[in-house]
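**Student:** only the shape, not the letters, is given here:
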């Protein structure tokens, strides 16, 4: 599979899926909402998001919207050979805004696609080159966010904030605001402090809460998924299987089996 560049509107109905290639979505007009493995945000003109391969995400456009979508397989020309370090751009989901230079390149890219499309076909290799230039420019900007120093993050306070909003579509911007940091500084400080990206950390908190409800309550699994911020039962099942090697339904069956095997307590009056 080669890289593919599309310019499309997103359906206003919410969709959920995952795919085995990386994806970059950049707003051209209107607005769209994304939630990627539990962290959400919106994109509008000249802003976008990064969706790593195999990450479950939900999305929906708002009214009249138009997006530029780059589908990039792991073996894409732009991420192989001496350009292999560009794959680090897809280490974790993130939202970004285009600066002035990238806005000009985006307009050039669109004009180039329109020009080539007049012949009814855009050569795949040329799409790879256009996508690779954009990928390299994004990587240079996002990878160069400055390291920060200062007081340590108050993880206990962040944990309380996450737990209070566990069922909400949390954004990195929400966590950064709670920590009184810019989003860029928060991302860097958080990874230094925990070794995890914010979305990985939030997903772990959600899974811990879900396991508690699965083992200690009789709530339906679909309700537990909603309470703990997963977009669907399938999203919870997929995350639980990846983290613990079994679906939540198996954890509940195992828990019930252990309870049924406990010996009856002796009667105090016997």
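**Tutor:** Received, thanks. Given the structure is predicted, the values throughout are model-derived calculations rather than measurements.

**Student:** which one is residue 201 nearest to, not counting chain neighbours?
**Tutor:** Leaving aside its chain neighbours, residue 201 sits nearest to residue 194 (5.8 Å; criterion: C-beta to C-beta, 6 or more residues apart in numbering). Backbone N, C-alpha and C define where each C-beta goes, glycine included.

**Student:** swap in residue 235?
**Tutor:** residue 56 (5.1 Å).

**Student:** leaving out sequence neighbours, find the closest residue to the spatially most central residue of the chain.
**Tutor:** What sits nearest the mean C-alpha location of the chain, by C-alpha atoms, centre = their mean, is residue 36, with 2.8 Å. Take residue 36 and drop its neighbours on the chain: the residue closest to it by C-beta to C-beta, 6+ apart is residue 93, 3.8 Å away.

**Student:** quick check: phi and psi at that neighbour.
**Tutor:** Dihedral pair for residue 93: phi -60, psi 150, per degrees, to the nearest 10.

**Student:** ok, back up a step: per-residue pLDDT, the residue nearest to the centre of the chain?
**Tutor:** pLDDT for residue 36: 86.

**Student:** check residue 33 too.
**Tutor:** So, for residue 33, pLDDT stands at 90.

**Student:** and if you look at residue 133?
**Tutor:** Value for residue 133, per-residue pLDDT: 92.

**Student:** and what about it, helix, strand or coil?
**Tutor:** Secondary structure for residue 133, judged by DSSP: H, G, I helix; E, B strand; the rest coil, is helix.

**Student:** the nearest residue to it once chain neighbours are set aside: how many residues sit nearby?
**Tutor:** Nearest residue to residue 133 in three dimensions, chain neighbours excluded: residue 105, at 7.0 Å (C-beta to C-beta, 6+ apart). Per other C-beta atoms under 10 Å, the neighbour tally for residue 105 reads 15.

**Student:** equivalent analysis for residue 159, please.
**Tutor:** Around residue 159 there are 12 residues (other C-beta under 10 Å).

**Student:** same thing with residue 92?
**Tutor:** Neighbour count of residue 92, defined by other C-beta under 10 Å: 20.

**Student:** secondary structure element for it?
**Tutor:** Under the criterion of DSSP states H and E, residue 92 resides outside all helices and strands.

**Student:** if you skip the residues just before and after it, what's nearest to residue 78?
**Tutor:** In space, residue 78 is closest to residue 132, 3.2 Å off (C-beta to C-beta, 6+ apart).

**Student:** separation between that neighbour and residue 87?
**Tutor:** Distance, residue 132 to residue 87, using C-beta to C-beta, to the nearest Å: 12 Å.

**Student:** do the same with residue 183
**Tutor:** Counting by C-beta to C-beta, the gap from residue 183 to residue 87 is 23 Å.

**Student:** next one: residue 94
**Tutor:** In terms of C-beta to C-beta, residue 94 sits 14 Å off from residue 87.

**Student:** those two: which has the busier surroundings?
**Tutor:** Each of residue 94 and residue 87 has its neighbours counted (other C-beta under 10 Å); residue 94 has more, 23 against 19.

**Student:** what sits against that one?
**Tutor:** Residues near residue 94 by C-beta atoms under 8 Å, 6 or more residues apart in numbering: 49-50, 142, 172, 187.

**Student:** break down this protein into its helices, ranges please.
**Tutor:** Assigned by DSSP state H, the helices in the chain fall at 100-117, 124-142, 155-164, 172-178, 183-194, 198-216, 221-227, 233-244, 248-260.

**Student:** the residue nearest to residue 235 touches residue 18, doesn't it?
**Tutor:** Yes - with contact defined as C-beta atoms under 8 Å, residue 56 counts as touching residue 18 (4.5 Å).

**Student:** neighbour count winner among these two?
**Tutor:** Comparing residue 56 with residue 18 by other C-beta under 10 Å, the one with more neighbours is residue 56, at 21 against 16.

**Student:** relative to residue 32, how far out is that one?
**Tutor:** On the measure of C-beta to C-beta, residue 56 and residue 32 end up 17 Å apart.

**Student:** ok, residue 255 next?
**Tutor:** 40 Å.

**Student:** higher neighbour count, those two?
**Tutor:** Using other C-beta under 10 Å, the more surrounded residue of residue 255 and residue 32 is residue 32, with 24 against 14.
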